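[1] turn this into a structure:
(chains A, B and C)
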Amino acid sequence: MSEDETNSPSPEADSLFEAPPMGEQERMVEAILFASAEPVSVKELTERMPHGADPAEALVHLRKRYEGRGVNLCRIGDAWAMRTATDLGFLMQRETVETRKLSRAAIETLAIIAYHQPVTRAEIEEIRGVSVSRGTVDQLLEMEWIRFGRRKMTPGRPVTFVVTSEFLDHFGLENARDLPGLKELRAAGLLENRPPPGALDLVSEENDGDAAVEGQSELFED
Amino acid sequence: MSEDETNSPSPEADSLFEAPPMGEQERMVEAILFASAEPVSVKELTERMPHGADPAEALVHLRKRYEGRGVNLCRIGDAWAMRTATDLGFLMQRETVETRKLSRAAIETLAIIAYHQPVTRAEIEEIRGVSVSRGTVDQLLEMEWIRFGRRKMTPGRPVTFVVTSEFLDHFGLENARDLPGLKELRAAGLLENRPPPGALDLVSEENDGDAAVEGQSELFED
Amino acid sequence: MAEIPFEEDTMSVADRMAAEALIVDVDGFEGPLDVLLTLSRTQKVDLRKISVLDLAKQYLAFVERAKALRLELAADYLVMAAWLAFLKSRLLLPPDPTEDGPSGEELAAHLAFQLERLQAMRDAAARLMGRDRLGRDFFARGQTHEVTRTRKIQYTATLLDLMQGYARIRTRDDFRPFVMDRDAVFTMEQALERMRGLMGYAGEWTDIASYLPEGWELDPVRRRSATAATFAASLELVKEGHLEIRQSETFAPIQLRKKDRHS
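    Numbers count the residues shown, from 1 in each chain, chains lettered A, B, ... in the order given. As a prediction, the model looks like this:
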């Protein structure tokens, strides 16, 4: 911390309107993230810290500091959280909460939403080849792993489903682009919304409107 | 961490019955203390850590590591816990914000405004079938989830209510038209399944394609 | 007739899923595509190079077997069977140049694509669930109540709350006909008020029917309500000591008389 203090913009850091030195800011971010079980966004950090503070920079320092430690700094979307290192899970049996077992249908539906988002119910059904049960969507909504996204610009303007930041947090993902194998699947064309041959033009229109081909990607591009 | 490894009691640390290097032990203690809801005693640490580990020594190292940081290692009786540094307590104010569920009346009022905006108080009352208390509207105004819209060109020129961009932000919506319609609510299991006489057929998806100007009222008109 | 429009909400998610599983679960399969995917595994080749013709044969055999077992086949299984039979004929017969529409090969290629995509999603799902997970492999802060300084109440709601709220209102609207129609109801309060005015004249035993309000005697529904209310009001007045009531035998007229205070 002491070396950071030399970066301090001003020697009179006590001044009411001066941002605290970076070392102090790092301590503050550390304390806030440490105390919170939920991820904290940069925006919220800025609001809570003294005027002029730059939590984004402090986060860079802090992340480095916790590298390789028993507790790590994790990014979840535009929020940050401290989580125990995954290799130490074996010590935590006591802390483990028994999670509800998801049905196979729910797991597949979740994966399809994650990889194809934003995705409509009809598209999920097309991929699974079976209708999506109400209970399945219900359960995923209740767990707050999925939510309604914006409507698709296709006839009927169906609503779409997308995954939430709770989903990302639960699976230790920084953002939905980090989903395992996403690139390969896309390269193999398996995330395309390919209309069946001979289908009406109505279906292929989907591709012009809302960039359905890209699916997943643009929702999380900032 | 690397310097701690020299403290490791034995060079053949790979042996199955050898305690992990002190650096690893420190990480373990760190993770356990972080994730525990209660302070953890040395005895309990010993039980949870691999055979031969010396948590008492790891605690000494860990305490030193956290000295002057935003989080400190504290001894409470014969147990240990991690606590945010006392001088940073002022940052924790947000942690004590008590979140409460909006009342049912407020949620219903808010839902009506979102789905029917711009909507007058009289219209809200007509839809809910009960009068809307001033407190409810005031609360929603204060939360900045609703605001006054333009006046209606009807006798008395009543004010209308619309939802705000803070509302959209909170619910992760791009605009209020992204709210799922009755059909979709039903499909997601949020509505009970019995088709009410006649009402539903009118809520056709196609209607809302260019409904922007009038707001959304006609979408749900029966 | 549903008095409780929300009765279905009381069904838990698990119940609902169980109910749906009965329809979908044919011999442990989740839909025709699932069956095809399983069957295709026996071919042990790249899904893109799979013999759709063989697959169609195997599927049709599966459907036959399922029928023999008297399994209730869901409609989508039969639709798929019909479609595969059609595809099979297209693949076997030489293409008819006069015919519009996609060729058998195109249809077969699309089916292969669908199978490959479903398999890819299954693999992806397995990989996803195999990841380190919060609360199982890594953990959040265990003790988060640190400081108690300011208590500010912040109201919150989720989109789900909002939608459920709206759904509740709309459903209530749809069921408005169940609101009781009060037109044909004569309340006991009304009857009491009326009787208090009239009983001063009832020195002799009088049939209770004569106390019914005017205009309520003809319509049977209104008469029933008025009779019940008047009878209940009479009992109330008897209890208060203002009236006497009698009935000579079962189904005989009920008669009322003002109670003599001095007797």
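
[2] what about the helices in chain C?
    Using DSSP state H, the helices assigned to chain C run over residues C:13-24, C:32-41, C:52-68, C:75-92, C:104-129, C:159-174, C:188-198, C:220-240.

[3] how about chain A?
    According to DSSP H, the helices that chain A contains are A:2-5, A:22-35, A:42-48, A:55-65, A:104-116, A:121-128, A:134-142, A:165-170, A:182-187, A:201-204, A:206-209, A:216-220.

[4] any chance of those in TSV, with distance to chain C and mean neighbour count too?
    Every C-beta, even on glycine, is put in place using the N, C-alpha and C of the backbone. TSV is the format used below for the helices of chain A (distance: least, CB to the nearest CB, whole Å; neighbours: other CB atoms under 10 Å in any protein chain shown):
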stretch	distance to chain C	mean neighbour count
helix A:2-5	24	11
helix A:22-35	5	24
helix A:42-48	12	16
helix A:55-65	15	17
helix A:104-116	4	24
helix A:121-128	6	20
helix A:134-142	4	22
helix A:165-170	5	21
helix A:182-187	6	14
helix A:201-204	12	11
helix A:206-209	16	14
helix A:216-220	12	16
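
[5] what's near enough to touch residue C:121?
    A:108, A:111, A:112, A:115, A:127, A:128, A:190 (CB atoms under 8 Å, 6 or more residues apart in numbering or on different chains).

[6] swap the cut-off to 10 Å and go again
    A:107-109, A:111-112, A:114-116, A:124, A:127-128, A:185, A:190-191, C:128 (CB atoms under 10 Å, 6 or more residues apart in numbering or on different chains).

[7] can you tell me, leaving aside adjacent residues, what's nearest to residue A:63?
    Excluding its sequence neighbours, the residue lying closest to residue A:63 (CB to CB, 6 or more residues apart in numbering or on different chains) is residue A:73, at 4.3 Å.

[8] can you tell me how far the one you found is from residue A:145?
    Counting by CB to CB, to the nearest Å, the separation of residue A:73 from residue A:145 is 23 Å.

[9] got it, and residue C:95?
    Taking CB to CB, one finds residue C:95 at 47 Å from residue A:145.

[10] who has more neighbours out of those two?
    Under the criterion of other CB atoms under 10 Å in any protein chain shown, the comparison of residue C:95 against residue A:145 puts residue A:145 first, with 21 against 11.

[11] report the contact partners of that one.
    A:102, A:106, A:110, A:113-114, A:139, A:163-164, A:166-171.

[12] the residues you listed into JSON lines, with extra columns for pLDDT?
    As requested, the contacts of residue A:145 are exported to JSON lines (pLDDT from 0 to 100):
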{"residue": "A:102", "pLDDT": "85"}
{"residue": "A:106", "pLDDT": "92"}
{"residue": "A:110", "pLDDT": "95"}
{"residue": "A:113", "pLDDT": "96"}
{"residue": "A:114", "pLDDT": "95"}
{"residue": "A:139", "pLDDT": "89"}
{"residue": "A:163", "pLDDT": "94"}
{"residue": "A:164", "pLDDT": "93"}
{"residue": "A:166", "pLDDT": "90"}
{"residue": "A:167", "pLDDT": "93"}
{"residue": "A:168", "pLDDT": "93"}
{"residue": "A:169", "pLDDT": "91"}
{"residue": "A:170", "pLDDT": "90"}
{"residue": "A:171", "pLDDT": "92"}
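
[13] now, among these, which is nearest to residue C:185?
    residue A:139 (44.5 Å; CB to CB).

[14] thought that closest one was touching residue A:132?
    No: with contact defined as CB atoms under 10 Å, residue A:139 and residue A:132 do not form a contacting pair (11.4 Å).

[15] which residues are in contact with both of these two?
    By the contact definition CB under 10 Å, 6+ apart, residue A:139 and residue A:132 are jointly contacted by A:105, A:106, A:109.

[16] ok, now which ones touch residue C:90?
    C:96, C:99, C:101, C:102, C:103, C:104, C:105, C:106, C:107, C:108.

[17] try 6 Å this time
    residue C:104 (CB atoms under 6 Å, 6 or more residues apart in numbering or on different chains).

[18] can you check residue A:149 too?
    Contacts for residue A:149 were tallied using CB under 6 Å, 6+ apart; they are A:118, A:160, A:162.
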